[in-house]
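**Q** Show me the folded form of this:
(2 chains)
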Number of protein chains: 2
Amino acid sequence: MALIVQKYGGTSVANTDKIKWVAEHVIRTKEKGHDVIAVVSAMAGETDRLIKLSRSIMDPPDERELDVITSSGEQVSAGLLALMIKSLGWDALSFQGHQIGILTDNSYSKAKIVKIDDKKIRNALLNGRIVVVAGFQGVDKEGNVTTLGRGGSDLTAVALAAVLKADACELYKDAVDGVYTTDPGICSSARKLKKISYEEMLEMSSLGSKVLQARAVEFAKKFKVPIHVRPTSRPDSEGTWVVEEEEAMAEMEDMVLSGVTCDKNQAKITVMQVPDRPGIAAKLFTPLGDEGIVVDIIVQNVSTEGYTDMTFTVPKTDFKKAIKKTEQVAKELGAKGVDSNDKIAKVSLVGLGMKTHSGVASRMFSALAQEGINIIMISTSEIKISCVIEEKYTELAVRTLHDAFNLGE
Amino acid sequence: MALIVQKYGGTSVANTDKIKWVAEHVIRTKEKGHDVIAVVSAMAGETDRLIKLSRSIMDPPDERELDVITSSGEQVSAGLLALMIKSLGWDALSFQGHQIGILTDNSYSKAKIVKIDDKKIRNALLNGRIVVVAGFQGVDKEGNVTTLGRGGSDLTAVALAAVLKADACELYKDAVDGVYTTDPGICSSARKLKKISYEEMLEMSSLGSKVLQARAVEFAKKFKVPIHVRPTSRPDSEGTWVVEEEEAMAEMEDMVLSGVTCDKNQAKITVMQVPDRPGIAAKLFTPLGDEGIVVDIIVQNVSTEGYTDMTFTVPKTDFKKAIKKTEQVAKELGAKGVDSNDKIAKVSLVGLGMKTHSGVASRMFSALAQEGINIIMISTSEIKISCVIEEKYTELAVRTLHDAFNLGE
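**A** Just a heads-up that it's a prediction; the model follows:
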């Protein structure tokens, strides 16, 4: 008998028919003799509806109150799934964040889980019950309701699996049946991976793959929670396991790369002719950080005659805010001006094999060059290489790289 | 400076325009220098939508999960009102039942408030904030979410006013601008009362007046909370005060009655020719009580030859369940049979003056007789007289009694 945490996204609980499908799958797992904890998102569209309603009143909405409002979506779907399981003759109990002490910090709308009190869940499981948990939500130490950010229900599931030492954390997806070498919508030869390491999955999530939330993967890596990505519609299909490096490597044999990702939520800002003094980067980026803007790739030109150009990328969604702040700081620093471009994208190669294989970068650059795609910025880490390119070339670049490295085979 | 608890029903927060209206009125009260706690119901239609959704899954729905689901409505409207107040430049903070320890028993869907922890609310008020509280909901001592029954937000408001020793508990209504001598929809000469005593209001609520929830009035009476019923649309109009007997009497001078009510949610069941042995009533009514059916008026015929007829009324909504149970018990008791009728209604006269004025009952019976309305059952208490009549005569009876006692003057 195993303990299985299952997570179902908004599309999987979008209406009562779909909730029934989910309930039946939960029950099948229970019937196999396993203990089951089902974590649910809000019904598809509900979170957006609540955010829109809130914005029509106050934009941007006060974050504390927004979390109170949006967390109601998961509360409803958790209750409905528990009802459905009961109506099918099994005993179920729903829990919200405050009921099982999902303690978070107080960063509303992007709170971090600090602790979970597993007592009530363990008691319910001991009594033979199926436990249903509202994803996405927690409470801070003052009892304020917090939410974990978009995709936060994945994190709830992984965190519960970690605390309860679950044998598997199954994340059911509607749009995909596993993790692919790249987005099948862009590249038809994309191939489903049987296994991928936490590190690679983390890079892929950070670099644009939407299958799993990066924070959930990080959490799973830290607590060694085996994640199983599976399709809701065919719950018994193989899916993809996200596991530790050694286990993933054994499976992948001599594969150098596991995937190509792209991210169009990118914009670039250049501060021209800044006086090149020590501490200039801190002066430039601290104010952006204070505004909550995450700066990604930074390139500093070689200094000429005491002046330099600083180029960096930010999420497109923070573009306007970032330009405004940068222009202000650039003036204070005595820079000549600020240039910007939001018609860019980032394509990345990810693979543990890069640690031991050389030549990946040069092969990447040549492949892009052969298609006439200009590389604007480059960023590398131990297991990934990212290139910033013109946005219009995004799909071409993904297909080119996927082919160049034979990822479809 | 006073402490005012204000409660706004679902129609008053039905959309963002109405929420703005409410926020502005809350702020006006705050600007007068008062501390304000605003209690809100779910947006109009939301509770019904959630109940319908739940019933489409399980009917009747598991009560614990139904409370989890329905309580989300008040959570959302509390968050939205807090947002609106903030967007208008004032500081506000929303609280749910679990955040301010609205501790109840565990009777899901009709929980009773046991205790409220006022610390967080007092702190927020001390910091100059407007406090918004989600009505209708609480938690039991295990942390399970409970709800207080239909109209439960009135009870939340009164309970908060009691615990915080508020100077007034203002209950804003959409359909009416105060408490009337009878339903103005039935009797055009109905007159708005300036004051009414807790006792009378309690009888009127129990006997069919929908203005206030009986439990809220009971709570107010117990803790001497002055209730002020006011119309949302004209928040500065006079409305009706529900206060202690002495104060109400002073105002009413020599008024004998304060109102006529009617209740069509009535059905009657007769158990015919039951052997008249001691304990027969207990044997009959205990099983009904166990099913949660509230028996109202009971009439037992004079026994003839060791047999008697027992007639009683139950809510029409429990009629089928009650008949089924009664037929079963009647058989066990050796009764001849069960007769029933759900085409009945109850009209009642309520007034503190009955304590000192005689002849009210006989005047009531004559007035009804003059219109040819047959009285089927009679029930009296210190301050009310109820007659069960044929349902079709309900409105005629109300108008007749309202006129006969000159309540419109």
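**Q** Write out the residues of the stretch 151-300 of chain A neighbouring chain B.
**A** Nowhere does the stretch 151-300 of chain A come near chain B, counting by C-beta under 8 Å from any C-beta of the partner chain. Where you see a C-beta, it was placed from the backbone N, CA and C, and this is true even at glycine.
**Q** which residue ranges form the strands in the stretch 151-300 of chain A?
**A** Under the criterion DSSP state E, counting those that start in this stretch, strands of the stretch 151-300 of chain A are mapped to A:168-173, A:195-197, A:227-231, A:240-243, A:259-275, A:298-300.
**Q** looking at the ones you listed, which is closest to B:S72?
**A** For B:S72, the closest of those is strand A:168-173, at 23.2 Å, according to C-beta to C-beta.
**Q** So in that sheet, which strands flank that closest one, and in what orientation?
**A** strand A:3-8 (parallel), strand A:227-231 (parallel) (DSSP bridges).
**Q** Just the C-alpha atoms of the first one, please, in CSV.
**A** Spelled out, it's strand A:3-8. Taking Å, rounded to 0.1, in the frame of the first residue of the first chain, the C-alpha atoms of strand A:3-8 are listed here in CSV:
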residue,chain,number,x,y,z
LEU,A,3,0.5,7.0,-0.3
ILE,A,4,-0.3,8.8,-3.5
VAL,A,5,-0.8,12.6,-3.8
GLN,A,6,-2.7,13.5,-7.0
LYS,A,7,-3.1,17.0,-8.3
TYR,A,8,-5.8,18.0,-10.8
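**Q** which outside residues touch it?
**A** For strand A:3-8, the external contacting residues (C-beta atoms under 8 Å, 6 or more residues apart in numbering or on different chains) are A:22, A:25-26, A:29, A:34-41, A:81, A:125, A:135, A:153-154, A:156-158, A:160-161, A:164-172, A:232.
**Q** Can you tell me which of the residues you listed are buried?
**A** In the contacts of strand A:3-8, burial by neighbour count holds for A:22, A:25-26, A:29, A:34-41, A:81, A:125, A:135, A:153-154, A:156-158, A:160-161, A:164, A:166, A:168-172, A:232, counting by 16 or more other C-beta atoms under 10 Å in any protein chain shown.
**Q** Do I have it right that A:M377 meets A:I385?
**A** No - with contact defined as C-beta atoms under 8 Å, A:M377 does not reach A:I385; the gap is 11.6 Å.
**Q** Quick one: name the residues of the stretch 1-150 of chain A near chain B.
**A** Checking the stretch 1-150 of chain A against chain B by C-beta under 8 Å from any C-beta, the hits are A:16, A:19-20, A:50, A:53-54, A:56-58, A:61-62, A:64-66, A:68-69, A:71-73, A:75-76, A:78-80, A:82-84, A:86-87, A:92-94, A:96, A:98-99, A:120, A:143-145.
**Q** Selecting buried members of those residues in ChimeraX, what would you type?
**A** To isolate the buried members of the residues of the stretch 1-150 of chain A next to chain B in ChimeraX, using 16+ other C-beta under 10 Å:
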select /A:16,19,20,50,53,54,57,58,61,62,64,65,66,68,69,71,72,73,75,76,78,79,80,82,83,84,86,87,92,93,94,96,98,99,120,144,145
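**Q** Take the residues of the stretch 1-150 of chain A next to chain B and keep only those in strands.
**A** A:A92, A:L93, A:S94, A:V145 (DSSP state E).
**Q** want to throw those residues into TSV with pLDDT?
**A** As requested, those are exported to TSV (pLDDT from 0 to 100):
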residue	pLDDT
A:A92	98
A:L93	98
A:S94	98
A:V145	97
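**Q** on that earlier part again, now the strands paired with strand A:168-173 in CSV, please, with extra columns for mean pLDDT, mean neighbour count and distance to B:V360.
**A** Below are the strands paired with strand A:168-173 laid out as CSV (pLDDT from 0 to 100; neighbours: other C-beta atoms under 10 Å in any protein chain shown; distance: least, C-beta to C-beta, whole Å):
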stretch, mean pLDDT, mean neighbour count, distance to B:V360
strand A:3-8, 97, 25, 63
strand A:227-231, 95, 23, 73
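**Q** what about the helices in the stretch 251-400 of chain A?
**A** For the stretch 251-400 of chain A, the helices defined by DSSP state H, counting those that start in this stretch cover A:280-290, A:319-333, A:360-370, A:394-404.
**Q** what sits up against the last one?
**A** The list of residues contacting helix A:394-404 from outside it, by C-beta under 8 Å, 6+ apart, reads A:181-183, A:186-187, A:189-190, A:260, A:262, A:264, A:345, A:347, A:349, A:363-364, A:367-368, A:370-371, A:373, A:387, A:389, A:408.
**Q** Buried ones among those?
**A** Neighbour counting by 16+ other C-beta under 10 Å classes A:181-183, A:186-187, A:190, A:260, A:262, A:345, A:347, A:349, A:363-364, A:367-368, A:373, A:387, A:389 among those as buried.
**Q** Check which strands are paired with the host helix or strand of A:V133 and give the direction for each one.
**A** Using DSSP states H and E, A:V133 maps to strand A:130-134. According to DSSP bridges, strand A:130-134 forms sheet pairs with strand A:35-40 (parallel), strand A:92-95 (parallel).
**Q** Any idea how far the first one is from the middle of the chain?
**A** Right, the one you point to is strand A:35-40. 21 Å (C-alpha atoms, centre = their mean, to the nearest Å).
**Q** Which residue, neighbours along the chain excluded, lies closest to the residue of the stretch 101-250 of chain A found nearest chain B?
**A** Nearest residue of the stretch 101-250 of chain A to chain B, counting by C-beta to the nearest C-beta: A:G143, 4.9 Å away. Nearest residue to A:G143, sequence neighbours excluded (C-beta to C-beta, 6 or more residues apart in numbering or on different chains): B:Q99, at 4.9 Å.
**Q** so how far is A:I51 from the one you found?
**A** Per C-beta to C-beta, to the nearest Å, B:Q99 is found 22 Å from A:I51.
**Q** do A:A44 as well
**A** 14 Å.
**Q** low-scoring stretches of chain A, by residue?
**A** Low-confidence segments of chain A (pLDDT under 70): A:250-254.
**Q** Let me see the domain layout of it.
**A** Domain assignment for chain A by automatic domain parsing gives A:3-251, A:261-404.
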